[in-house]
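> Next input, structure requested:
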Amino acid sequence: IPQSMVMGCPLQQPLEQSLLGKEFAASTAPTSPMQTPSVECMESCCCYYVIAMPVDASAVPSCGPATMDVQALPQVNYATFAAQEPQEAFPGHFPPALDDSQWWFQNQGPGDFIDQSCCDTVMSAGGSPASKRGPGSALLRRQRRQRAFHQQRLQRHAARHDSDKAHAGAANVELAAELTRQLEKGGALRQEASGRLSEPSLMRRLSFAPAGCRAVQLALEVADRNSAAQVAAGLQGSVAEAIGSPNANYVVQKIITVLTPQEAPFIAEELQWAGPALACHEYGCRIYCRLLENAAEDESTVRLIDSALAEVDVLLTHPFGHHVVEGVLEHGLARQQGEIIPVLRKGVMRTANSRPGAYVLEKALLYSSLEDRRALASDVLAALPSELHGLMRSQLGCMVIRAMLRSLPAVAQQVRQQLTEPRLMSQLETTKHGRRLLASAGLSSVSDSSSVGAREEA
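Below you'll find the predicted structure:
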């Protein structure tokens, strides 16, 4: 095949010497699958592949480029492939090659470089593998080598990272064990260990490690208040990151438990910067609960809880956020509790039938004011009999009804009247939580009551 000719059209650039006499691919854009391409088509931005198989030089007519007739090349099998529309595969759609194989083209878009999936040679039905490789086979081999090289580099890097991590973990375990021994012995050794943990970098490194966080918690617990405050200061600037850690969040909880907000003011400050979204975090909700348990009346805690209660309707039924609402009902200010009760009353039955909402409603019936408890119980008892009996039969509903029995004597009497309905009582006696509810109301037999009481004590 002439060097400057492809199927009767001059090439923009001569073919490489290595491709002469072999199969080759050229970028062109024919207007139909089997139309002879033109120079204008070859200048198109779309990418097509023209495949020409080698033929005998004697089969090429001695004519110039301008008068060369493609039909005069009977032994040339060529196929054109339009690649601007991704297609999966078209085996058998194009004329076969000289070795009775077929070209298999896949998903080659304009401007894309050839990849391994672009062209493969498929065996014919009864023949042997094609002896010729598809167009761009050298490029494909180079790309495969490059991919293999990069994969090997990534594997070596991952292996080094795992090795370094294992060495660092072993070092942290040894250091944590040594510090724990010193802290437990007391005296000068305890002071030495507390001094070492006062270094911020060491304290942060151990707080995020499984074994190290326990050593840091022990130091906060047994050290004097000044030393504990110096150790806690090592987390300053990293509180939000520590809360997101499965290990360091316990260190933050221990700081809140053993120190006052004045001794560790950075905890509430950085929680305020992080925003109320932490109240719905798996570990962040624990931090809010510890603050409510230990410093509910502190000004910084009050601001933090007020910010979280702005989304109380979301927290009520959130898998983690409901713990914060329960903490407010049990330890929060009366003003903050008053913000929760109206939201509960808007959909009390819907809340009672959800797991997070049932826990919140139980705390509200036990720890809110007398007026709020009476109002919530009246809303539950005012529901339709079918809804109320369905609530009493469910496991979550039994928890709410038991809280009503413990809240107010008048409410407990109304609940017992509902439980004495024969059909409902027979249904409750068939389940474990139903029998427990009847025992709490004093409506079960003596033997059932004693067995339930023994189980509760156990």
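> Mind jotting down where the strands sit in the protein?
Assigned by DSSP state E, the strands in the chain fall at 5-6, 9-10, 24-28, 48-52, 78-82, 102-105, 119-122.
> Show me where the stretch 301-450 of the chain has its helices.
Secondary structure of the stretch 301-450 of the chain (DSSP state H, counting those that start in this stretch): helices at 312-316, 321-331, 334-346, 348-352, 355-367, 370-381, 385-393, 395-407, 409-419, 422-428, 432-441, 446-457.
> To R205, which of these lies closest?
The closest of the helices of the stretch 301-450 of the chain to R205 is helix 321-331. By C-beta to C-beta, the value is 29.4 Å. No exception for glycine: its C-beta is placed from N, CA and C like everyone else's.
> TSV please, covering the helices of the stretch 301-450 of the chain and showing mean pLDDT, mean neighbour count and distance to A209.
Shown next, in TSV, are the helices of the stretch 301-450 of the chain (pLDDT from 0 to 100; neighbours: other C-beta atoms under 10 Å; distance: least, C-beta to C-beta, whole Å):
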stretch	mean pLDDT	mean neighbour count	distance to A209
helix 312-316	92	19	32
helix 321-331	96	24	26
helix 334-346	94	16	37
helix 348-352	92	20	41
helix 355-367	94	21	32
helix 370-381	93	17	45
helix 385-393	90	16	47
helix 395-407	92	20	39
helix 409-419	91	15	51
helix 422-428	89	14	50
helix 432-441	89	20	42
helix 446-457	44	12	40
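> of those helices, which approaches L235 most closely?
helix 321-331 (21.5 Å).
> quick one: contacts of the closest one?
279-280, 285-286, 288-289, 292-293, 296, 305, 308-309, 312, 314-316, 336-337, 340, 356-357, 359-360, 363-364, 367-368 (C-beta atoms under 8 Å, 6 or more residues apart in numbering).
> relative to helix 370-381, how tilted is it?
Interaxial angle, helix 321-331 versus helix 370-381 (axes from the mean of the first three to the mean of the last three C-alpha atoms, to 10 degrees): 140 degrees.
> so where's the longest helix in this protein?
Counting residues, the longest helix in the chain under DSSP state H turns out to be helix 137-185.
> so what does it touch, helix or strand wise?
helix 187-197, helix 200-207, helix 210-222 (3 or more C-beta pairs under 8 Å, 6 or more residues apart in numbering; DSSP states H and E).
> I'd like the distance between the nearest residue to S307 once chain neighbours are set aside and Y288.
Among residues not flanking S307 along the chain, P276 sits closest, at 5.0 Å (C-beta to C-beta, 6 or more residues apart in numbering). P276 sits 9 Å away from Y288 when distances are taken as C-beta to C-beta, to the nearest Å.
> okay, and the common contacts of the two?
Common contact partners of P276 and Y288 (C-beta under 8 Å, 6+ apart): A308.
> follow-up on the earlier one: of the helices of the stretch 301-450 of the chain, which is nearest A264?
Here helix 321-331 is closest among these (C-beta to C-beta), at 18.8 Å.
> Please find the angle between the direction vectors of the closest one and helix 355-367.
0 degrees.
> rewinding a little: okay but the residue nearest to S307 is in contact with D306, surely?
No: the pair P276 / D306 is not scored as a contact, 9.6 Å apart, by C-beta atoms under 8 Å.
> of these two, who's got more company?
P276 (22 against 15; other C-beta atoms under 10 Å).
> which ones are touching that one?
S307, A308, A310, E311.
> What is the burial count for the third one?
When you say that, I think you mean A310. 11.
> The closest residue to it other than its chain neighbours and I305, how far apart?
Of all residues beyond its chain neighbours, the one nearest A310 is P276 (6.8 Å), with distances taken as C-beta to C-beta, 6+ apart. Note on P276: its distance to I305, by C-beta to C-beta, is 9 Å.
> quick one: common contacting residues for these two?
In contact with both P276 and I305: no residue, using C-beta under 8 Å, 6+ apart.
> residues contacting H389?
Q418, E421, L424.
> Ok, R196 next?
So R196 contacts L179, L202 (C-beta under 8 Å, 6+ apart).
> In contact with the spatially closest residue to A219 that is not a sequence neighbour, which residues?
Distance criterion C-beta to C-beta, 6+ apart; nearest residue to A219, sequence neighbours excluded, is L197 at 5.1 Å. The contact partners of L197, by C-beta under 8 Å, 6+ apart, come to L179, M203, L206, A215, V216, A219, V231, G234.
> Tell me the one among the residues you listed nearest to M392.
V216 (47.7 Å).
> Verify the contact between the closest one and L235 for me.
No: judged on C-beta under 8 Å, V216 makes no contact with L235 at a distance of 9.1 Å.
> Show me whatever sits in contact with both of those two.
Listed contacts common to V216 and L235 are M203, S207, V251; contacts here mean C-beta under 8 Å, 6+ apart.
> export those residues to CSV and tack on distance to L408, pLDDT and neighbour count?
Putting the shared contacts of V216 and L235 into CSV (distance: C-beta to C-beta, whole Å; pLDDT from 0 to 100; neighbours: other C-beta atoms under 10 Å) gives the following:
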residue, distance to L408, pLDDT, neighbour count
M203, 50, 93, 23
S207, 46, 93, 27
V251, 42, 96, 29
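> Relative to L139, which of those is nearest.
Using C-beta to C-beta, S207 comes nearest to L139 of those, at 51.9 Å.
> contacting residues for that closest one?
S207 neighbours (C-beta under 8 Å, 6+ apart): C213, V216, G234, L235, A242, S245, N247, A248, V251.
> swap in L381?
Per C-beta under 8 Å, 6+ apart, neighbours of L381: L388, V411, Q414, V415, Q418.
> Could you check how far the third one is from S378?
Okay, so that is Q414. Here Q414 is placed at a distance of 9 Å from S378 (C-beta to C-beta).
> ok, now D372?
Counting by C-beta to C-beta - D372 and S378 are separated by 11 Å.
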